[in-house]
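> What would the 3D arrangement of this be:
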Amino acid sequence: MQIYSDVDPYDVPEPFRACESIFRVKDFQYVECIPNITTHDTPCELLKELHRAKDFRKYFLAILPIIFSIIALILNASYLTIHFLVFRQEKYSYRKRALFLLSRAISSVTALILFYVVLIVWKSHGFIYSSVTIFIMVGSLEFLSITGTYVVLTLLLYTAITRPFIYKTQIRMRHCIAGVITIWTVSVAASICIGIWGATLFYPESAAVSCSFDYCQKPLAIVVLILLIFSYTTVLVLYFFLILRLKRRSSAAHLQRSASTGSQKSSLRALNRLGMNVGTFALGNVPIVIILLVAVINLEKLSSLGEGKKSHCKTYLNSKLFVEVEILASCAAIIWLFAMILDPVINVISDPKMLALLIRGFKYVRRRVLRRENEEKDDVKQAENSSQ
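Numbering: from 1, shown residues only. Modelled structure (predicted):
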């Protein structure tokens with residue numbers, strides 16, 4: 001984005017005369033940093049990159065994520081409310097799988113609330129070890145909790161279709177509650193570890209633990225990337241593997257007979273709806289996995305930003321690296337939030353019970369509004385008649 005100079009051209013320092021059109025008042029402080037330039041970049045090239053990083057941060061790491069997060073929070077909170085109402089009204093067999101969907105909705109709302117904590121810390125102190133730790137922890141918590149939920153929910157629905165007797169008699173609600181607690185416990189513990197060690201990759205000197213690049217940072221980054229890719233592919237492979245098994249079994253007569261019951265058909269429809277959620281999960285996380293891969297490849301350069309004390313000269317001299325960091329962080333945040341917006345919309349549209357409840361709610365609100373308007377018109381008419 002082009003920002004024109006707010007400084008008189010005659011006051012622009014000599015090294016920045018070639019780019020006087022973009023020179024700003026705050027750029028006078030970078031004059032003392034010019035002798036420390038060790039690359040082939042000119043002072044104007046570094047200044048342009050610095051402005052690019054700041055403008056990118058303003059719009060794509062602050063304004064757009066805030067707008068998207070507000071939309072996502074409203075949609076996910078509404079979905080959580082609707083799902084809770086449906087959960088209370090449904091029968092026991094439906095509540096088993098609905099409990100995991102409820103847990104997923106709570107995970108999304110919690111992650112969005114924590115996202116605001118990240119923004120507050122970032123605005124107060126900038127990108128430092130603590131803010132990056134919280135940022136990574138929030139993303140990891142939401143990713144791991146939803147990954148675990150999809151894995152367990154896929155297996156649960158598959159059991160309900162192929163082993164209905166076991167699903168009804170041996171899988172109790174307490175087993176599902178234990179599954180949800182396990183998912184959250186593992187996700188919280190893993191996200192704390194990933195946050196603490198992940199931030200160490202970018203801020204090794206201010207980190208809580210000592211971590212050299214060759215013997216700690218690089219191997220750790222590769223391990224974290226492999227674990228995240230493994231978790232991501234597990235959801236996709238498991239879902240499509242079980243779908244293929246169902247298609248193979250669909251030709252068997254015993255499955256055709258067993259699928260004739262209402263509960264089986266309901267579970268099969270739920271598994272198909274889960275496929276939409278898995279698709280959203282895949283669409284929203286493929287770019288993030290690619291971004292992590294790029295970050296690991298350029299880890300040595302990116303980690304240099306966390307070395308030494310923060311200063312205006314350090315920001316100026318490493319402006320090109322800051323552009324890369326801003327792009328990676330903003331792309332990850334926007335893609336994650338966009339997937340968070342799509343997920344509740346798909347859930348409500350694909351679930352007839354939730355959609356019916358939502359339509360009834362809209363009709364109720366519309367009737368109340370129309371009734372209020374009619375009452376106001378009657379009051380106006382009565383006032384006119386009384387005045388006559």
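
> Run through the helices of the stretch 251-388 of the chain in chain order.
253-258, 262-297, 299-303, 312-317, 319-350, 352-387 (DSSP state H, counting those that start in this stretch).

> Likewise for the stretch 1-150 of the chain?
Here the stretch 1-150 of the chain has its helices, by DSSP H, counting those that start in this stretch, at 43-58, 64-89, 92-125, 129-162.

> quick one, which of the ones you listed is nearest to Lys301?
Distance to Lys301, taken as C-beta to C-beta, is lowest for helix 43-58 among the helices of the stretch 1-150 of the chain, at 14.0 Å. Glycine gets a C-beta too; all of them are placed from N, C-alpha and C.

> so what secondary structure elements neighbour that closest one?
helix 312-317, helix 319-350 (3 or more C-beta pairs under 8 Å, 6 or more residues apart in numbering; DSSP states H and E).

> pLDDT score assigned to the most centrally placed residue in the chain?
Geometric centre of the chain, nearest residue: Trp336, 3.3 Å, by C-alpha atoms, centre = their mean. With respect to pLDDT, Trp336 has a value of 80.

> Quick check: it touching Gly284?
Yes - shown here, Trp336 and Gly284 form a contact pair, counting by C-beta atoms under 8 Å, at 6.5 Å.

> related to what we said a few turns ago, so which of the helices of the stretch 1-150 of the chain is the most surrounded?
By mean neighbour count, with neighbours taken as mean count of other C-beta atoms under 10 Å, helix 129-162 ranks first of these at a mean of 22.

> ok and that one relative to helix 319-350, angle-wise?
In terms of direction (axes from the mean of the first three to the mean of the last three C-alpha atoms, to 10 degrees), helix 129-162 departs from helix 319-350 by 30 degrees.

> which intervals of the chain have sub-threshold pLDDT?
Applying pLDDT under 70 to the chain flags residues 1-10, 90-93, 125-127, 249-271, 273, 287-288, 302-310, 387-388.

> Could you rerun that using 50?
In the predicted model, the chain carries pLDDT under 50 at residues 1-4, 10, 253-256, 258-260.

> mind checking which of the helices and strands packed on helix 43-58 is nearest Phe230?
helix 319-350 (19.0 Å).

> can you tell which of the helices of the stretch 251-388 of the chain is closest to Tyr167?
The nearest among the helices of the stretch 251-388 of the chain, by C-beta to C-beta, is helix 262-297 at 8.0 Å.

> ok, back up a step: mind checking which of the helices of the stretch 251-388 of the chain is nearest Ile82?
If you check each of the helices of the stretch 251-388 of the chain against Ile82 by C-beta to C-beta, helix 352-387 wins as the nearest, at 5.3 Å.

> which helices and strands sit right next to that closest one?
Taking 3+ C-beta pairs under 8 Å, 6+ apart as the contact cut, helix 352-387 packs with helix 64-89, helix 319-350.
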